[in-house]
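Visitor: Have a look at this prediction, sequence included:
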Amino acid sequence: MAEADNYEDTVKGKKEVDFAQFEDTKSGLLGRIQHALHVNPALVPLIILVFAIALFGLLLGQRFFSAGTLTLILQQVQIVGVLAAAQTLIILTAGIDLSVGAIAVLSSVIMGQMTFRYGVPAEISILIGFAFGAGIGAVSGFLVSRIKIPPFIVTLGIWQVVLAANYLFANNQTIRSSDLRAEAPALLFLGNRVEIGGANFTFGVILMILIFIALGYALRSTAWGRHVYAVGDDPEAAQLAGVNVKRTLMSVYMLTGLICAVAGWVMIGRFSSVSPSASTGVIGNIQSITAVVIGGLSLFGGRGSIYGALFGAMIVGVFELGLRMAGADPQWTFMLIGMLIIGAVGLDQWIRKVSA
């Protein structure tokens, strides 16, 4: 019996030593960095953004560090930034939305055509555009949450339908800036500028920032936000914990459609026109996903900060403008962004091991 007890004590002691050694490894410098990035997923894109600004500041000097240049970056990314906020909600639920850009363009066309073709006041047309965006999101949400069709397939189909409806409804007509200013200045409201601290910001940029602040609060400090993360992390476990998964998904897709419609309004102010062939319809889908991925949000759902998507959009804007001002070949921009995407996904895989 004594020998058996001694053997058990020895084995137990060995397990405790092994466990202690495992904890020491995890609490090393690399482990602490991994844990910090896991707890603060927006930290990586913020560091990259600061590094990119500092790099181009050193290369280009005062030309890049001027208030005009920095506000120009915000103006360039305002549409993609709003679309990235919408895309973030879907990706947090472990989905992906290929229709965000098309919904934005269709919503802008609806706002313009309702005013110029049907004589609806511009303010009411804007609300109608918002309603259409939310309605399209509701259709996607129903197909995903109730019919159980994968989000990729649903939004791919919705993208095609919305793209066709966009051209059919607009009759391939573009409403130009002069007509908008004369008859519907409310549609151009977000293109107006305001001076803050010596820098000029458009109302579209201010609205983009307010959207991120509002969503950041909702995701961090409300029950709805916790439900969104829970559904993205493990929908079955969330259902067992009392979360209404179907209702949460419906709310996410409807809110995404509404935010895309807001992006359509921002688009009108940015381009000073309403066109069914706006490039944002196609490019916006890719750019919004790019901003979210570079922003450190996990494509597997349930992890990430919405502010990371804002930083990701700004990173793309900084590289595009910085390389253009430096006279570099535009292809370098695509190469660097591609490398950032691959690096961001690889980093996410490494960070996820902290919870494994």
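Guide: Done, it's in.
Visitor: Assign the residue nearest to residue 124 when sequence neighbours are not counted to helix, strand or coil.
Guide: Closest residue in space to residue 124, ignoring its immediate chain neighbours: residue 114 at 7.6 Å, by C-beta to C-beta, 6 or more residues apart in numbering. From N, CA and C alone the C-beta is placed, and that goes for glycine too. Judged by DSSP: H, G, I helix; E, B strand; the rest coil, the three-state class of residue 114 is helix.
Visitor: for the one 4 residues further on, same thing?
Guide: For residue 118, the secondary-structure state derived from three-state DSSP is coil.
Visitor: can you tell me how far it sits from residue 96?
Guide: Per C-beta to C-beta, to the nearest Å, residue 118 is found 35 Å from residue 96.
Visitor: Tell me which of those two has more neighbours.
Guide: Set residue 118 next to residue 96 and count neighbours by other C-beta atoms under 10 Å: residue 96 wins out with 19 against 9.
Visitor: Would you agree the more buried one is in contact with residue 154?
Guide: No - at 10.0 Å, residue 96 does not count as touching residue 154 under the criterion of C-beta atoms under 8 Å.
Visitor: Strands of this protein, start to end?
Guide: Per DSSP state E, the chain carries strands over the ranges 193-196, 199-202.
Visitor: The first one pairs with which strands?
Guide: Partners of strand 193-196 in the sheet, by DSSP bridges, are strand 199-202 (antiparallel).
Visitor: got the buried residues for the strand it pairs with?
Guide: Within strand 199-202, the residues that qualify as buried are 201, 202, counting by 16 or more other C-beta atoms under 10 Å.
Visitor: picking up where we left off before, number of residues surrounding the residue nearest to residue 124?
Guide: Counted by other C-beta under 10 Å, the residues lying close to residue 114 total 22.
Visitor: need the contact list for it.
Guide: Applying C-beta atoms under 8 Å, 6 or more residues apart in numbering, we find residue 114 in contact with 120, 124, 125, 128, 129.
Visitor: ok, now residue 259?
Guide: Residue 259 makes contact with 82, 83, 85, 86, 89, 133, 211 under the criterion C-beta under 8 Å, 6+ apart.
Visitor: where's the residue nearest to residue 124 relative to residue 269, distance?
Guide: 17 Å.
Visitor: right, and the strands of the chain - which one's nearest residue 162?
Guide: Judged by C-beta to C-beta, the one of those that comes nearest to residue 162 is strand 199-202, at 26.1 Å.
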